[in-house]
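> sequence and predicted model, in that order:
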Amino acid sequence: MDETLKDLTTQSYAQGFVTDVEQEFVPKGLNEEIIRTISRIKDEPQWLLDFRLDAFRKWQKMTQPDWGHLKLPPIDYQDIIYYAAPKKDKDRPKEIDPALMETFEKLGIPVGEREYLAGVKDRREVAVDAVFDSVSVSTTFRKTLSEKGIIFCSFSEAVHEHPDLVRKYLASVVPAGDNFFAALNSAVFSDGSFCYVPKGVECPMDLSSYFRINASGTGQFERTLIIADEGSRLSYMEGCTAPMRDENQLHAAVVEIIVEKDADVKYSTVQNWYPGDAQGRGGILNLVTKRGICRGSGAHLSWTQVETGSAITWKYPSTILKGDNSSSEFYSVALTNNWQQADTGTKMIHLGRNTRSRIISKGISAGHSENSYRGLVRIAPGADGARNYSQCDSLLIGSNCGAHTFPVIRNANPAATVEHEATTSRISEDKLFYCGQRGIPEEDAVGLIVNGYAQEVLQRLPMEFAIEARKLLQVSLEGSIG
Amino acid sequence: MDKQIYILGRDSVPEVITLDSPRDLGMILVALPGTSLRQRLEIDIQSPGCEVELRGVFLCTGQEQLGFDILVRHSSGGSTSRQLFKGIAGGSSHTEFNGLIYVAHDAQKTKAWQENHTLLVTPEAVASAKPQLEIYADDVECSHGATTGFLDEMEQFYMRSRGVPEAEARKLQMISFLSPVLSDLPEGLRDELINSL
């Protein structure tokens, strides 16, 4: 039995391979010298080094949060390599290492614009910023995008090429000392994506970041900064995978999104970090801070996430609704199997008048996993006419898992309405019987029912992502029945 | 089901109630204006066949700080619990409803519902809600719902266009909002609450 289970889980995580490429590392451990080294490798200006050191000093005074409904293994922050990068071939610095190219091809990420150049347009064009451990290895379609004035590049390049923008917006939504993991990220962040869409521009294609952890003993600390100027539109996607290892690897990222007046940003994530094996060994600790601000009136930010990976997920994509009439949505499917633990949800902070938010969260727990929704809806005294609707459903598969809902609602405005509802149930025998009677095997039937249950969220995803997410849900549930 | 009525601050409310044999439990907690306290209540259901019906009504008109910490623990399966808390926060009061339904591992066939609705009627009042579910069994039916809102202007318009003065219309709205719990109270207490609206 154990053997078959093991087979199933090893099979099902197809992205669990390691790429054999020469890499350079900084020494293990975390101290000011390491931070200075990272900053030096990246040839950063003094202000950014100061920002890092300031964050590091704040982090040293902080303690790791323990309020999550999680059993977090102790993390030794001195036992992590904070910077790992594939060695660059000095002779042709413009080209990507073929091994890396192959890795991303294998993962289905078009890093080479190949399809586009060959004129094959069987799917919509997507510009990709591919991050391998601590560096961005390729950003595609930059030229096409720059014709429209859109800046899409790695964070390190942005620091050199657009320092004013970076300096203006960096840490404006998630301050360096916001929380323990955000402070850690601010101190040691390596690379990530930067995107700026100028006034009135509609981004002609979906942009995406793809994060890959490869090296062992490292952590990934990327930082994403997205700015949508007045009246612009952008759809952004994020994906991630990691090799299978028996050790836990830390991933502490920060995503900041600034949405100006009348701009519209859609941020979608399919999180597929290595979830650990069926016995709960290994897997990524995904401790992420994501936050956006609707700064101007009429701004709109939509979060969609499909969380199937990671041993532990601690993630609350949030929106500050500052501009009047701004709106935000949070659509989430979180699936946990085996020994995975997820504590995820959102925060909607209503500050402006007539601000609207909508939260749809679908949790699915199987095996011995724990799945929690945690959320905050806050209506400030000035947010007249604000409106929130939240719905959190949980689905339990088997009697050894847990499904929890921890919402917090704070309303300080007599002209605002907040509604929250949550349900917990399981896949009913009737539904399984109905499928079984029509010749659908039990495992497929469960996949079908789960897909139907998550439909409301999945339909919000961009096309390519929706297909991937559907497959992932099916695969992640393998071995959960019987 | 017989319902025991407790007026907070006047009657002593048991903090922990353990149900270890099949039985019914009906309770109504009433917070009259001027009640500032934190009421803790834990109901531990250790037997199948229990029916728990817990209701609460609160009315805050001044500077009250009123909190409910309600834990309904289903340690054993096969029982049902229902909670309904309704209240109005006026003046500069702060109200908080902190309710947890806990369903233990193997407490199958549990049915648990929890509802909490608060009306905010003044700009200074603050209402918080933490309706929580912690569930470790799969064959269960559990849900919670929480809302905070205000007096509907359309309803007021409807009444005023029929000659009901504004103050009267507001009062009618509040009575109808609280009525699911009010209707179970004895007349004297009900009138006391209605008169203080």
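Alright, I've got the coordinates.

> residue contacts, the nearest residue to A:C203 once chain neighbours are set aside?
Spatial nearest neighbour of A:C203, chain neighbours left out: A:L234 (4.6 Å); criterion: CB to CB, 6 or more residues apart in numbering or on different chains. Placement of C-beta: from N, CA and C, glycine included. By CB atoms under 8 Å, 6 or more residues apart in numbering or on different chains, the contact set of A:L234 is A:C195, A:V197, A:C203, A:L207, A:I226, A:A228, A:A263, A:D264, A:V265, A:K266.

> try it again with 7 Å
A:V197, A:C203, A:L207, A:A228, A:V265 (CB atoms under 7 Å, 6 or more residues apart in numbering or on different chains).

> any idea how far it lies from A:K266?
As defined by CB to CB, to the nearest Å, A:L234 lies at a distance of 7 Å from A:K266.

> what's the overlap in contacts for these two?
Going by CB under 7 Å, 6+ apart, no residue sits against A:L234 while also sitting against A:K266.

> and the contacts of stretch A:237-247?
Taking CB under 7 Å, 6+ apart as the rule, stretch A:237-247 contacts A:13, A:15-18, A:107, A:206, A:208-214, A:216, A:249, A:268-274, A:281-282, A:284, A:462, A:465.

> report the buried residues of that stretch.
A:M237, A:E238, A:G239, A:C240, A:T241, A:A242, A:P243, A:M244, A:R245 (16 or more other CB atoms under 10 Å in any protein chain shown).

> looking at these, which are in strands?
Mapping the buried residues of stretch A:237-247 onto strands (DSSP state E) picks out A:M237, A:E238, A:G239, A:C240, A:T241.

> quick one: buried ones out of the contacts of stretch A:237-247?
A:13, A:15-16, A:107, A:206, A:208-214, A:249, A:268-274, A:282, A:284, A:462, A:465.

> any residue of the longest helix along chain B up close to chain A?
Longest helix of chain B, by residue count under DSSP state H: helix B:166-182. No - contact of helix B:166-182 with chain A (CB under 7 Å from any CB of the partner chain) is absent, the minimum separation being 11.8 Å.

> now the ones in strands among the buried residues of stretch A:237-247 in a markdown table, with pLDDT?
Listed next are these as a markdown table, based on pLDDT from 0 to 100:
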| residue | pLDDT |
| --- | --- |
| A:M237 | 89 |
| A:E238 | 88 |
| A:G239 | 86 |
| A:C240 | 84 |
| A:T241 | 82 |
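
> between these, which is nearest A:Q455?
A:M237 (19.2 Å; CB to CB).

> against B:S143, how distant is the closest one?
Counting by CB to CB, the gap from A:M237 to B:S143 is 33 Å.

> got it, and A:S369?
With distances taken as CB to CB, A:S369 is found 21 Å from B:S143.

> which residues does A:A127 contact?
When contacts are counted by CB under 7 Å, 6+ apart, A:A127 touches A:T140, A:F141, A:L145, A:F152, A:M205, A:L207, A:S208.

> ok, back up a step: go ahead and build a ChimeraX selection from the buried members of the contacts of A:L234.
Applying 16+ other CB under 10 Å to the contacts of A:L234, the buried members can be selected in ChimeraX as follows:
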select /A:197,203,207,228,265
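
> could you single out the nearest of the contacts of A:L234 to chain B?
Taking CB to the nearest CB as the measure, chain B lies nearest A:V265 of the contacts of A:L234, at 28.4 Å.

> shaky segments in chain B?
Nowhere does chain B drop to pLDDT under 70.

> swap in the stretch 351-482 of chain A?
Applying pLDDT under 70 to the stretch 351-482 of chain A flags the ranges A:478-482.

> again, only this time at 50
Applying pLDDT under 50 to the stretch 351-482 of chain A flags the ranges A:482.

> re the thing from before, beyond the longest helix of chain B, next helix or strand please.
helix B:187-195 (DSSP states H and E).

> which strand or helix spans residue 34?
I'll assume chain A. Residue-wise, A:I34 maps onto helix A:32-41 under DSSP H and E.

> show me what the helix or strand just after that helix is packed up against.
Following helix A:32-41 in sequence order, the next helix or strand is helix A:46-60 (DSSP H and E). Where contact means 3 or more CB pairs under 7 Å, 6 or more residues apart in numbering or on different chains; DSSP states H and E, helix A:46-60 is packed against helix A:32-41, helix A:180-188.

> buried stuff in helix A:46-60?
Neighbour-count burial for helix A:46-60 [16+ other CB under 10 Å]: A:L48, A:L49, A:F51, A:R52, A:L53, A:D54, A:A55, A:F56, A:K58, A:W59.

> the last one reaches A:A187, doesn't it?
Translated: A:W59. Yes - taking CB atoms under 7 Å as the definition, A:W59 is a contact partner of A:A187 at 5.7 Å.

> what sits closest to the closest residue to chain B within the stretch 251-400 of chain A if chain neighbours are left out?
Proximity of the stretch 251-400 of chain A to chain B (CB to the nearest CB) peaks at A:L396, 3.7 Å away. Leaving aside its chain neighbours, A:L396 sits nearest to B:D138 (3.7 Å; criterion: CB to CB, 6+ apart).

> ok so the one you found is a helix residue?
No - counting by DSSP: H, G, I helix; E, B strand; the rest coil, B:D138 is not found in a helix; it is coil.

> what's near enough to touch A:W273?
A:C240, A:T241, A:A242, A:H251, A:I284, A:N286, A:G309, A:S310.

> near chain A, which residues of chain B?
Residues of chain B lying close to chain A by CB under 7 Å from any CB are B:106, B:120-123, B:125-150.

> quick check on those: which are buried?
Listed as buried from these are B:120-121, B:125-140, B:142-150; burial here means 16+ other CB under 10 Å.

> among the residues you listed, which are located in strands?
Per DSSP E, these map to strands at B:120, B:126-135, B:142-149.

> residues touching residue 54, list them.
Answering for chain A, as no chain was given. With CB under 7 Å, 6+ apart, A:D54 has these contacts: A:A176.

> wrong one, I was asking about chain B
So B:L54 contacts B:M27, B:Q83 (CB under 7 Å, 6+ apart).

> ok now the helix or strand containing it, how far from the chain's centre?
Using DSSP H and E, the element containing B:L54 is strand B:51-60. Centre-to-centre, strand B:51-60 and its host chain are 4 Å apart (CA atoms, centre = their mean, to the nearest Å).
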